[in-house]
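> next come a sequence and a model predicted from it.
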Amino acid sequence: MNKHLVLSEKVKAALAEGRPVVALESTIISHGMPYPENVKTALACERIVREHGAEPATIAVIGGKLCAGLTQEQIEYLGSQGQKVSKASRRDLPVLVARKQDGATTVAATMIIAALAGIRVFATGGVGGVHRGATTSMDISADLEELAHTPVAVVCAGAKAILDLGLTLEYLETRGVPVIGFGTDELPAFYTDKSGFSLDYRMDTPEEVAAAIRAQRDIGFPGGMLITNPIPAEYAMRPEVIDSAIDHALREADKQGIHGKAVTPFLLAEVTELTSGNSLQSNIQLVYNNVALAAKIAAAL
Ligand code: PSU
Ligand code: MN
């Protein structure tokens, strides 16, 4: 085992016994949702994974340790500190480890730690992607690179339309990442079930997804897979409402000169604020939906 990796007793036991384990990220707790809803949601995600017969492994960097499986106190700490905790992606991990600091892990960093632990399935809300205007800003999330070379299947509700969804799909295609529509032929757009971008691979059962993951390993491919799971219809938002909030958030980010790793958290917070509680409720429900699917896929594996 990697010397910087720390597994909770429950995660260690589940892995040793070959029981299904689902990784959960922590940037969504500290930077993706406001306190205290973030803590409630994170704990509820763990409950949902257990109800489906799998073991949750919430992942973060604590005191420089790469942790898979957090205590309730650690989750409460990450949630209440919010943006004061560093947002940790691949490039941040070596520095946080060397300095023995804390970090809330993005999709990319969560995949890295999950892979070190031997966890193959991970559930989140939305993944990072190619930002609008990336042709000049070069702002492309490290999440996409990680999907290209780290063997973890990520279940998400697509990506938020704060991104350029068409370019995000092109990039994933170039980097060889299979993108699966779970029960859909179209890329879901996080708050809504449709983006207008069609997907080549639709699957309707967790077993089908598990078979594709096994085949990816059997061929000897090192990469991950993106399973996009549409938000349940009853929680979807009206596209006009969400689109206007996103347009406003993008203009505000531009005006304030936000750049680097602050871009995504800034846009997420603006959209949440502009749509008040509505988008937060949708966000929470789609995460629950993804967590349940990830647990079923982990069990099928
Ligand atoms: N998109 C969301 N919610 C999130 C994130 C993205 O709808 O919480 C977080 C995830 O942790 C993701 C990260 O990995 O933002 C991407 O950040 P960046 O674009 O800086 O790579
Ligand atoms: Mn970026």
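Perfect, I can see it now. It should be emphasised that the depicted structure is a prediction, and the values quoted were computed from it without experimental measurement. Residues are numbered from 1 along each chain as shown. Ligands and ions are numbered 1, 2, ... in the order given.
> do you know how far the residue located most distally from the centre of the chain is from E51?
The C-alpha centroid of the chain is most remote from K255, which lies 27.7 Å away (CA atoms, centre = their mean). Counting by CB to CB, to the nearest Å, the separation of K255 from E51 is 45 Å. Glycine gets a C-beta too; all of them are placed from N, C-alpha and C.
> low-confidence ranges, this structure, go.
Across the chain, nothing is flagged by pLDDT under 70.
> which residues of it lie near ligand 1?
Counting by CB under 6 Å from any ligand atom, the residues of the chain close to ligand 1 are 25, 27-28, 32, 89, 106-107, 125-126, 128, 141-143, 160, 190, 261, 264, 268.
> okay, and which of the residues you listed map to helices?
Judged by DSSP state H, those include 27-28, 107, 142-143, 264, 268 as members of helices.
> spell out the residue ranges of the strands in the stretch 1-150 of the chain.
Assigned by DSSP state E, counting those that start in this stretch, the strands in the stretch 1-150 of the chain fall at 5-7, 21-24, 55-62, 65-68, 86-88, 103-105, 121-123.
> again, but for the stretch 201-301 of the chain
201-203, 225-228.
> could you dump those into CSV and include mean neighbour count?
Converted to CSV, the strands of the stretch 201-301 of the chain look like this (neighbours: other CB atoms under 10 Å):
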stretch, mean neighbour count
strand 201-203, 16
strand 225-228, 26
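> nearest to R214, of the ones you listed?
strand 225-228 (10.9 Å; CB to CB).
> spatially central residue in this protein, please.
Central residue of the chain (CA atoms, centre = their mean): T124, at 3.5 Å.
> isn't that residue right up against V152?
No. Using CB atoms under 8 Å, T124 is not in contact with V152; the gap is 10.9 Å.
> dump the strands of the stretch 1-150 of the chain to JSON lines, plus mean neighbour count.
Formatted as JSON lines, these follow (neighbours: other CB under 10 Å):
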{"stretch": "strand 5-7", "mean neighbour count": "19"}
{"stretch": "strand 21-24", "mean neighbour count": "30"}
{"stretch": "strand 55-62", "mean neighbour count": "26"}
{"stretch": "strand 65-68", "mean neighbour count": "24"}
{"stretch": "strand 86-88", "mean neighbour count": "23"}
{"stretch": "strand 103-105", "mean neighbour count": "29"}
{"stretch": "strand 121-123", "mean neighbour count": "29"}
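> save those as TSV, and put in distance to T205 too.
TSV is the format used below for these (distance: least, CB to CB, whole Å):
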stretch	distance to T205
strand 5-7	30
strand 21-24	17
strand 55-62	22
strand 65-68	27
strand 86-88	34
strand 103-105	30
strand 121-123	15
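> nearest to A292, of those strands?
strand 121-123 (8.4 Å).
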